[in-house]
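J.: This is a predicted model, with the sequence first.
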There are 2 protein chains.
Amino acid sequence: MNEISATDGLDQLDRVMAALAHPLRRQVLLVLHFRGGEMSAGDIAERFSCAWPTTSRHLRQLEESGLVSVRRDGRQRIYCLERELLSNTVGNWLHWFKGNVRPK
Amino acid sequence: MNEISATDGLDQLDRVMAALAHPLRRQVLLVLHFRGGEMSAGDIAERFSCAWPTTSRHLRQLEESGLVSVRRDGRQRIYCLERELLSNTVGNWLHWFKGNVRPK
DNA sequence: AATGTAATTAGCATATGTGCTAATAATTAA
DNA sequence: TTAATTATTAGCACATATGCTAATTACATT
């Protein structure tokens, strides 16, 4: 059994869309994607002009949304882009608007 | 010629993603969609539990993002969902993540 | 012109988000 | 164990977002 409640689907959409609202967080996802999906916090942070703790907080928000996952590797933290979740969450939401509902 | 500057594309992505961050604004877009794409401000507002001016402000944010357009009709304001812009803006951004960049 | 209807804008209070520096934790290397 | 490296957490300051009520605008009707 899992620990997921009935409302968590919507909550996750909320978290994902909120996470995507900030340009830096979207940029982090793109950097992750084009660097193969996995990078250490330091490699990510050095690509941005803001202070490291600032990037660190953005990374945590991304993690809490589920858009990235983290694992330790020695003293590094490796962030991993969750492509499926990104595509599915945003794509499924967008899909509601696909049908032409307007009466011709 | 148009009045669009070179950076407006990114600015609009920023505005669109910021507009989509709030659940009520996403809900407005869905309601608009499933009611044929056009509704008056009053028809929209009466479907939400918050005060009218609150909905009004959300509508303005949606308009400033380009996700909806407005026209007058007598004393009503008709909001119109801009489906293409929604699909294109979000879809094109999502498309960056389509290719499998990870080396096998 | 006066009144009613539809909707927005103004102004305020409070919550949330963002960014910084300083302090702390976790791990590795000397 | 001491020092260095990697990264996060704490705590603060400031900006932005959100929601309300009251006031205002714009148009239609009488």
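T.: Alright, I've got the coordinates. Numbers count the residues shown, from 1 in each chain, chains lettered A, B, ... in the order given.

J.: in chain A, which spans are helices?
T.: Ranges of helices in chain A, per DSSP state H, are A:8-19, A:23-34, A:41-45, A:52-65, A:83-95.

J.: just the angle between the fourth one and helix A:8-19, please?
T.: For helix A:52-65 against helix A:8-19, the angle between stretch directions is 150 degrees (axes from the mean of the first three to the mean of the last three CA atoms, to 10 degrees).

J.: average pLDDT for helix A:52-65?
T.: The average pLDDT for helix A:52-65 rounds to 98.

J.: Just the CA atoms of it, as CSV, please.
T.: Output of helix A:52-65 as CSV, limited to C-alpha atoms (Å, rounded to 0.1, in the frame of the first residue of the first chain):
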residue,chain,number,x,y,z
TRP,A,52,24.6,29.2,-3.4
PRO,A,53,22.0,28.9,-0.6
THR,A,54,19.5,30.6,-2.9
THR,A,55,20.0,27.9,-5.5
SER,A,56,19.9,25.3,-2.8
ARG,A,57,16.5,26.5,-1.8
HIS,A,58,15.2,26.4,-5.3
LEU,A,59,16.5,22.9,-5.6
ARG,A,60,14.6,21.9,-2.5
GLN,A,61,11.4,23.4,-3.9
LEU,A,62,11.9,21.4,-7.1
GLU,A,63,12.5,18.3,-5.0
GLU,A,64,9.3,18.9,-3.0
SER,A,65,7.3,19.2,-6.2
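
J.: And the contacts of it?
T.: Applying CB atoms under 8 Å, 6 or more residues apart in numbering or on different chains, the contact partners of helix A:52-65 are A:12, A:15-16, A:18-19, A:22, A:24-25, A:28-29, A:41, A:44-45, A:48, A:68-70, A:79. Placement of C-beta: from N, CA and C, glycine included.

J.: Show me which parts of it are buried, residue by residue.
T.: Residues A:55, A:58-59, A:61-63, A:65 are the ones in helix A:52-65 that count as buried (16 or more other CB atoms under 10 Å in any protein chain shown).

J.: and what of the third one?
T.: Counting neighbours by 16+ other CB under 10 Å, one finds that the buried residues in helix A:41-45 are A:41, A:44-45.

J.: what distance separates that helix from the middle of the whole chain?
T.: Distance of helix A:41-45 from the chain centroid (CA atoms, centre = their mean, to the nearest Å) equals 15 Å.

J.: What's the mean pLDDT across that helix?
T.: 98.

J.: helices or strands up against it?
T.: helix A:23-34, helix A:52-65, strand A:76-81 (3 or more CB pairs under 8 Å, 6 or more residues apart in numbering or on different chains; DSSP states H and E).

J.: rerun that using 7 Å as the cut-off
T.: helix A:52-65, strand A:76-81 (3 or more CB pairs under 7 Å, 6 or more residues apart in numbering or on different chains; DSSP states H and E).

J.: what does the first one give?
T.: For helix A:8-19, the contact count by 3+ CB pairs under 7 Å, 6+ apart identifies helix A:52-65, helix A:83-95 as packing neighbours.

J.: how near is the most centrally placed residue in chain A to A:Arg83?
T.: Chain A has A:Leu67 as the residue nearest its centroid, 2.6 Å off, counting by CA atoms, centre = their mean. Distance, A:Leu67 to A:Arg83, using CB to CB, to the nearest Å: 9 Å.
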